[in-house]
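>>> I'll drop the sequence and a predicted model, then ask my questions.
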Amino acid sequence: MSKILLLGSGELGKEFVIAAQRIGQYIIAVDNYANAPAMQVAHEFEVINMLDGSELDRIVAKHKPDFIVPEIEAIRTERFYDYEKQGITVVPSAKAANFTMNRKAIRDLAAKDLGLRTANYRYATTADELQKAVEEVGIPCVVKPLMSSSGKGQSTIKTQEDIVKAWNYSVEGSRGDVVEVIVEAFVNFYSEITLLTVTQKNNQTLFCAPIGHRQERGDYQESWQPAKVSDKDLVEAQEMARKVTEALGGAGLFGVEFFLKDEGVYFSELSPRPHDTGMVTLAGTQNFNEFELHLRAILSLPIFEITLEKAGASAVILATENSNNPTFTGIEKVASLPKTDFRIFGKASSRPYRRMGVVLTNDSLETPIEEIVEQAKETAKLITVNH
Ligand SMILES: Nc1ncnc2c1ncn2[C@@H]1O[C@H](COP(=O)(O)OP(=O)(O)OP(=O)(O)O)[C@@H](O)[C@H]1O
Ligand SMILES: NCC(=O)N[C@@H]1O[C@H](COP(=O)([O-])[O-])[C@@H](O)[C@H]1O
Ligand SMILES: [Mg+2]
C-alpha cells in the first residue's frame, strides 16, 4: 500500500481517491477549506494554504507520503523539487507541476523550446504594459492571469475600451500571488479538444481517443468522446503531446489542450493531471477512466491497452448564486433515463457558475455524437441547484 498526499480536493480529486481506495491505497486529502469533495472519501485530511511553502513542508514532514499528487495549479510548487530530492515521487514530476502552475513557464517551453504552434502571445505586469502587449498581438485577444484555472480572470478584448477592464478582471481572478497576465491572439478555431496522454515509467506513452468540448467564460460546459478529428490533425496533436509531456517528465495522465484550425493544430495548454473535460470518461467510454489511468501510471501498474468502448458526453451542473448547503432537485428525473448517470460533488457552498455536479450519457459508437451531447445537455437542465 502507498501513502498518497493529494494537494487539492475538488471533484477531480474525489474520483481519483475513489479509484485509489478501490485498490487499497492510503490517501490524505488537502485543500484550503474543510469538507472538500475528495476529503469526504479520503482516510485523512488537512486544511492549509497550499501556496505557503512552510505549511506544505509541515504536512509533508508529518505524513511522509510516498507520492504527492497535485490536483490544482495554485500550490507553492517550487518546494516540489526538494520533496523529490527527499525521495518522494511528485506526480507526474516536480517539473511538470511547477511549469504548469504558471502559464509563462509552460507556454515558453512549448512555443520557444519545443517549437510547437501556439497563438501569438505576450506578457504584461501593469495595465500600461497590457496596452502595449495588445498592440503587438492585435485585437481580438484573450487575457488570462498567469495563475488561474477554469477561466477565472479570463476575458476577451474586442475593443480598446476593454483593455483596462480586462486588466482589473484578471487581477481579481488571479489565484496565486503573481500579478501578471498573458495576452494571446484570439484563435478562431472550429473546434477544440483535450488529448488525454498517459506517460509511464516504462517510457511508453499512450493516448486516449480525443475529447471534444465547448467552453463558456473559459470554463467547460459539455465534453464528448470521441471527438471528430482528422487523422492528420490527430497525428499532429499526438506528436505535440508526446513532445511536451516528455519534456516535463514523470509518469501520469496529462490533459493536453488543442485548438483545431484549417491550417492545423494549435497547442493551448496542459494539465499534468486528470482534466475536467475528461470527466466524460466517467460515462464508461473507455476500459479505464482518466482517474484510474492516472493512478495506474503513478503506481507503475501496467496498462495493457486503452480501449474506447462507447461514445459518451458530460454536461455540467452549475450553481447560480452564493449559498451554503445548496440542495438539488430533479435527480429522480435524471435517474429514470436510460444510458444516463450523474455525479453530485458534495461542495458545501455555492457561488455563481461554480460546478456542483455533472451529467453523463453514453451510447454505442455508431450513434451520432451530437445526439449524445444533446442528451447530456438536456438532461443537465433537469437538475436545479436550490440556494
Ligand atoms: N487564444 C485563445 N483564442 C481563442 N480562445 C481561447 C484562447 N485561449 C483560451 N480560449 C478559450 O478559453 C478556454 C479556457 O482557456 P484556458 O484553457 O487557457 O483557461 P484555463 O483557465 O486554464 O482553463 P482550465 O484550467 O479549465 O483548463 C479555452 O478552452 C478556449 O475555449
Ligand atoms: N479546470 C480545473 C478544474 O476543473 N479543477 C477542479 O475543480 C476544483 C476546484 O473547484 P472549485 O473552484 O469549485 O472549488 C479543483 O479542485 C479540481 O477538482
Ligand atoms: Mg484549459
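All right, it came through fine. Ligands and ions are numbered 1, 2, ... in the order given.

>>> just to confirm, which helix or strand has residue 18 in it?
Here residue 18 sits within helix 11-22, counting by DSSP states H and E.

>>> quick check: mean pLDDT across the helix or strand following that helix?
Next in sequence after helix 11-22, counting helices and strands by DSSP H and E, comes strand 26-31. Mean per-residue pLDDT for strand 26-31: 98.

>>> swap in stretch 311-324?
Rounded mean pLDDT across stretch 311-324 is 98.

>>> Same question for stretch 242-262.
pLDDT averaged over stretch 242-262 gives 98.

>>> Show me what the helix holding residue 18 is packed up against.
Counting by 3 or more CB pairs under 8 Å, 6 or more residues apart in numbering; DSSP states H and E, the packing neighbours recorded for helix 11-22 are strand 3-7, strand 26-31, helix 290-298. Heads up, the C-betas are built off the backbone N, CA and C, glycines and all.

>>> OK, contacts around the closest residue to residue 215 other than its chain neighbours?
For residue 215, ignoring the flanking residues on the chain, the nearest one in space by CB to CB, 6 or more residues apart in numbering is residue 221 at 6.6 Å. Counting by CB atoms under 8 Å, 6 or more residues apart in numbering, residue 221 touches 213-215, 315-316.

>>> Just the buried subset of the residues you listed, written out for ChimeraX, thanks.
Buried members of those, defined by 16 or more other CB atoms under 10 Å, are picked up in ChimeraX with:
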select :213,315,316
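
>>> can you tell me which of the contacts of residue 221 are in strands?
213-215, 315-316 (DSSP state E).

>>> just the residues you listed now: which is nearest ligand 1?
Checking the ones in strands among the contacts of residue 221 against ligand 1 by CB to the nearest ligand atom gives residue 215 as the nearest, at 3.7 Å.

>>> where does residue 87 land in three-state SS?
coil (DSSP: H, G, I helix; E, B strand; the rest coil).

>>> Got the phi and psi for it?
When read as degrees, to the nearest 10, the backbone of residue 87 gives phi 100, psi 10.

>>> Would you map the strands across the stretch 51-200 of the chain?
67-70, 89-90, 121-124, 141-145, 155-157, 181-185, 191-199 (DSSP state E, counting those that start in this stretch).

>>> These into TSV, with extra columns for distance to ligand 2, mean neighbour count and mean pLDDT?
Output for those, formatted as TSV (distance: least, CB to the nearest ligand atom, whole Å; neighbours: other CB atoms under 10 Å; pLDDT from 0 to 100):
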stretch	distance to ligand 2	mean neighbour count	mean pLDDT
strand 67-70	10	25	98
strand 89-90	18	24	98
strand 121-124	20	19	98
strand 141-145	12	24	97
strand 155-157	17	19	97
strand 181-185	16	25	97
strand 191-199	11	24	98
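
>>> got JSON lines for those, with distance to ligand 1 too?
Listed next are the strands of the stretch 51-200 of the chain as JSON lines, based on distance: least, CB to the nearest ligand atom, whole Å:
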{"stretch": "strand 67-70", "distance to ligand 1": "13"}
{"stretch": "strand 89-90", "distance to ligand 1": "20"}
{"stretch": "strand 121-124", "distance to ligand 1": "8"}
{"stretch": "strand 141-145", "distance to ligand 1": "4"}
{"stretch": "strand 155-157", "distance to ligand 1": "7"}
{"stretch": "strand 181-185", "distance to ligand 1": "4"}
{"stretch": "strand 191-199", "distance to ligand 1": "5"}
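
>>> Tell me which of the ones you listed approaches residue 363 most closely.
Proximity to residue 363 (CB to CB) singles out strand 191-199 among the strands of the stretch 51-200 of the chain, at 19.9 Å.

>>> Great, nothing more from me.
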